[in-house]
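Asks: no sequence on this one, just coordinates:
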């Protein structure tokens with residue numbers, strides 16, 4: 001399982017995709033939508049989690065593309 005991916009606001013404007021624990025962004029985009037699309041591809045290929053943060057840094061959503069410990073029922 002790869003590193004979890006985080007979509008967060010970039011300090012200099014726009015949005016960034018960062019692997020968990022990384023100092024530098026993997027990619028920087030103008031919109032959150034672009035960052036989510038890229039992060040989703042990375043998370044799928046690494047079978048990891050995707051965390052989407054709000055402008056204030058709080059997590060607004062997450063998706064699992066790997067071994068989900070709590071898979072949906074039904």
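Replies: Received the coordinates, thanks. Just so it is clear, the model here is predicted, and its values are computed rather than measured.
Asks: can you give me the helices in the protein?
Replies: For the chain, the helices defined by DSSP state H cover 32-46.
Asks: pLDDT below threshold where in it?
Replies: Across the chain, residues meeting the criterion (pLDDT under 70) sit at 1, 67-72, 74.
Asks: all strands for it, in order.
Replies: Shown for the chain, the strands assigned by DSSP state E span residues 5-9, 15-19, 27-29, 49-53, 59-64.
Asks: out of those strands, which gets nearest to residue 42?
Replies: Residue 42 lies closest to strand 5-9 among those, at 5.2 Å (C-beta to C-beta). Backbone N, C-alpha and C define where each C-beta goes, glycine included.
Asks: dump the strands of the chain into a markdown table; add mean neighbour count as well.
Replies: What follows is the strands of the chain, written out as a markdown table (neighbours: other C-beta atoms under 10 Å):
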| stretch | mean neighbour count |
| --- | --- |
| strand 5-9 | 23 |
| strand 15-19 | 22 |
| strand 27-29 | 16 |
| strand 49-53 | 20 |
| strand 59-64 | 13 |
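Asks: make JSON lines out of those strands and add distance to residue 37.
Replies: Formatted as JSON lines, the strands of the chain follow (distance: least, C-beta to C-beta, whole Å):
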{"stretch": "strand 5-9", "distance to residue 37": "10"}
{"stretch": "strand 15-19", "distance to residue 37": "10"}
{"stretch": "strand 27-29", "distance to residue 37": "9"}
{"stretch": "strand 49-53", "distance to residue 37": "11"}
{"stretch": "strand 59-64", "distance to residue 37": "12"}
